[in-house]
Every structure is written in C-alpha cells, then in structure tokens.
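> Pasting a predicted model and its sequence here:
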Amino acid sequence: MTTTTLQKLTTANEQAWLTLGNIAELMFDWEKATIAYKSALRHNPYSMKALRHIANVCRAREEFEQAIDYFQRVLSLQNRDGETWSALGHCYLMTNDLQQAYHAYQQALYHLADIKDPRLWYGIGILYDRYGSLDHAEEAFVAVIKMDPAFEKTHEIYFRLGIIYKQQEKYDLSLQCFEYILDHPPKPLKKVDILFQQGHVYEQRKEYGKAKELYERVLEVSADDAKVLQQIGWLFYQPNTNFTSATTAIDYFMRSLQADDKDPHTWYFLGRCYMIEKDYAKAYESYQKAVYLDANNPIFWCSIGVLYFQTNQFRDALDAYSRAVRINPYISEIWYDLGTLYESCNGQVQDALDAYQKAIDLNPKNTQLQEHVSVLRSRRSPVSTPVPVEIENPYQYPTHDPEATDQPQAPPPMTVSGKNGAPSAHAS
C-alpha cells in the first residue's frame, strides 16, 4: 500500500470519526462523542476539528481542566484563533485561575475580527466581578446588554448588576435591576431571592420599614430561612424606628440559630442585643461563639473590646482592640475605641491622641472627634470623656486586611488598540 493510499485512508478514518462525533453531539451523548473525537485524534493527532470539538465537549460536561488541555493544543497549532482564546478564558474562569483567564480574554480581544461578542464580555464581566473590580464589571455587563438585549444570560446579568450597584451604593439603579427580573428571576433563583435583595437595598438605604415589609414577604414563603430571620432581627435592633425592640430582635436571632447555628454573624448580632440589655454574660457567650466560627473578623473583636470596657476589664479590652487592628487597621471606629481606652482608663493621653488621629485620617468627616482632639492637645479639660462605639454597619468592612498580599490584585481594564483598533467594554 502506497504512502498516498495510507494518507487517504487515514484522512477518511479521521473524517468518519468526526462525523460520528458530530452525530453523538447532536444527540447530547457526550460519552460517545468523546470516544469518537479521541478516535479521530488517533488517526490525526493534529486534527484541529477533533481538538476543538473534544475541548467543547469537555467544557459542556464541565470538565474544565481537560478542556483547557485541548484548547491549549489547538492554540499550539494556531495561536491567532480568537474564539479558542475566548473559550479558554471561560475555562480558566471556571477553575478560578483569574490571571490566566485575564490573559486569555486579552488574547481573544486582540485576535477576534469582531469583539462585539456578548458571551465574551459576559465572561469578562464575571472575571472583573471575581476580582472585585466593580466598575469594570459593570461596564462589561452593560456592554453585553447593549450588544444583545435578548442575550440568554440577560436576566442573570441584571441580577449581577443589581448586586454591583448595591455595593456601589447606587441604590436606585440596584432596585431597578431587581424589579426588572422580579417575575422572571434567573435560574436557580426564585422570586423570594429577588425580594430579599430588594429588602437588603432598602436596609442599606436605612429605609427599615420597607426592608422589613419585603423580608416578611419572603418569610411568608420560607418561614425558616435563617438569613432572612437574621436580617429582620437586625432591623429590630436598629434605633429610632417605630418597631425598635431588642427583645423582638433576640427572638428572631434565636429562630435564625435554630435553622442555622453556624452563621457567626447571627451569634454576633445576638451579642449586640444582649449588650443593649446589659446582659454582659450572655453577650460574652454569644461573642465567643461568633469568634469561634470566624476568628479573623475585626468587627467581632472590636465589640468584644467594647464589652470588656463596659465591664472594667481594661487589659482584656486592649487585647481585643489590638487584635482587631492587626486583622484590619483601616477601620476608624476601632482606632477611636482604642483612643477612648487610653484616655479614660490608663491616662495615656499621647497614645490616645495617636489613636484618635488614625481614626480621623480614616474618617475625616468626624468633626466631633476633631474638636475633642483639639481640646486634648491644648491641654484643656474635655467637657466629657468619650465612650467606645459599636460599628454601625458590620457588613461594610472586609474580614481580612484589604491590602493583604495574598489577595488577587485586580488587573487594568481590557483595551485593545492593535490590529482591530477596537474599544474595550465601552463598545456599544
């Protein structure tokens, strides 16, 4: 048999297996499709069609590590394939390899003839969302909707935008996004999940009555939802509402703990309620359970410091505040509380001034503290001695040091000005 004949036979076998693989794919028989494409590769290890198809099958089966290997083999043969770079970026995203995903998406933007691909920008939006680059994520998601208002993931994008706008304190935009998908939430979410998010936006806006009303609508459907019970309890804790009640808040927190006793925030909120009622023993017990579940939350340790201060255990208060500062040195209230400890109990005025100054640097709007510091520096007697404060919104600060080096650093926005001269997420 001649070489030419063998080549023709090999090509014919490759094509036959590719055809069988295509048929299996159309029938969603991923196992047979994989076998067929691997058989095609045995006849031609460099078959671009077989490599692409088997990579896409692995991706559809969520076998992302294998898909990455096959996509890389495709790119080793043709590294200017923008669609493959885009698919590879998605696979890296699914394995949470954000740096490699960013690189792959950049390559896709450079090599694609038309970058206005909603699936590509959807992936880029998720990438930036994972990095915590909310502005860039917002731009990417908005670009998707502009490119294709009927995109299959549109409702999911509106949900993600609702969360992003909430974090950016763009509350009206957040509510608009959630209202848009209220009756048709993206799977697996349900209407009650959207109602909960709307309630949380109103809570962040301090419109506690509206938040309470929405949370109660969720409870009508899911009476034992631990998170919703926790949120309603926190609403009853808030001062100066027409329904403020530490006792009622405690009842809700206890119900929440019956449903889920592993949430440290519920134990923490329960401790805050007991502090209001001056039941320091129960507050201490609740705080201890909170830090047992999350020992690296600076908010918890700050409140423990306040507890120790109130019970005249000043050395323990210093230890608690110091631990909170080590975990996250960028919270104004912790430095303020540390300053009150130095000033009130130990007579360490200079140490108090240093702590107060750090609190002011982190919150320049605290004019009352600035006036107090001026009085201390002039060596005049202050009108009153400050007392420690609790952190108003325990959710507003990250658990760990926000500048910790082990956290992924967000990359710059994706732009492409090479051969395509194309814009980034501003594309419309």
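Cool, got the structure.

> wait, Leu318 sits on Leu341?
Yes. Counting by C-beta atoms under 8 Å, Leu318 does reach Leu341; the two are 6.1 Å apart. Bear in mind the C-beta positions are built from the backbone N, C-alpha and C, glycine included.

> which of those two has more neighbours?
Neighbour comparison, Leu318 and Leu341: the larger count goes to Leu341, with 26 against 18 (by other C-beta atoms under 10 Å).

> So that one: helix, strand or coil?
Under DSSP: H, G, I helix; E, B strand; the rest coil, the three-state class of Leu341 is helix.

> Contacts only, for it.
By C-beta atoms under 8 Å, 6 or more residues apart in numbering, the contact set of Leu341 is Gly305, Phe309, Phe314, Ala317, Leu318, Tyr321, Pro388.

> How are the helices of the stretch 101-250 of the chain distributed by residue range?
Applying DSSP state H, counting those that start in this stretch to the stretch 101-250 of the chain gives helices spanning 118-131, 134-147, 154-167, 171-181, 191-204, 208-221, 226-237, 246-259.

> rewinding a little: any common contacting residues for Leu318 and Leu341?
With C-beta under 8 Å, 6+ apart, Leu318 and Leu341 have common neighbours Gly305.

> circling back: could you export the helices of the stretch 101-250 of the chain as a markdown table, including mean pLDDT?
Output for the helices of the stretch 101-250 of the chain, formatted as a markdown table (pLDDT from 0 to 100):
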| stretch | mean pLDDT |
| --- | --- |
| helix 118-131 | 94 |
| helix 134-147 | 94 |
| helix 154-167 | 96 |
| helix 171-181 | 97 |
| helix 191-204 | 95 |
| helix 208-221 | 95 |
| helix 226-237 | 95 |
| helix 246-259 | 96 |
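
> what would those look like in a markdown table with mean neighbour count and distance to Tyr70?
As requested, those are exported to a markdown table (neighbours: other C-beta atoms under 10 Å; distance: least, C-beta to C-beta, whole Å):
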| stretch | mean neighbour count | distance to Tyr70 |
| --- | --- | --- |
| helix 118-131 | 23 | 18 |
| helix 134-147 | 21 | 26 |
| helix 154-167 | 20 | 27 |
| helix 171-181 | 18 | 35 |
| helix 191-204 | 21 | 36 |
| helix 208-221 | 17 | 44 |
| helix 226-237 | 23 | 40 |
| helix 246-259 | 19 | 44 |
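
> Ok, which of those comes nearest Ala108?
Ranking the helices of the stretch 101-250 of the chain by their distance to Ala108 (criterion: C-beta to C-beta) puts helix 118-131 first, at 6.1 Å.

> hey, C-alpha coordinates of the closest one in PDB?
Taking Å, rounded to 0.1, in the frame of the first residue of the first chain, the C-alpha atoms of helix 118-131 are listed here in PDB:
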ATOM      1  CA  PRO A 118     -21.800  39.100  24.200                       C
ATOM      2  CA  ARG A 119     -20.600  35.800  25.500                       C
ATOM      3  CA  LEU A 120     -17.000  37.100  25.600                       C
ATOM      4  CA  TRP A 121     -18.000  40.300  27.500                       C
ATOM      5  CA  TYR A 122     -20.200  38.300  29.800                       C
ATOM      6  CA  GLY A 123     -17.100  36.300  30.800                       C
ATOM      7  CA  ILE A 124     -15.000  39.400  31.200                       C
ATOM      8  CA  GLY A 125     -17.700  40.900  33.400                       C
ATOM      9  CA  ILE A 126     -17.700  37.800  35.700                       C
ATOM     10  CA  LEU A 127     -13.900  38.000  35.700                       C
ATOM     11  CA  TYR A 128     -13.800  41.500  37.000                       C
ATOM     12  CA  ASP A 129     -16.600  40.800  39.400                       C
ATOM     13  CA  ARG A 130     -14.500  38.000  40.900                       C
ATOM     14  CA  TYR A 131     -11.600  40.400  41.200                       C
END
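
> Fine by me, thanks again.
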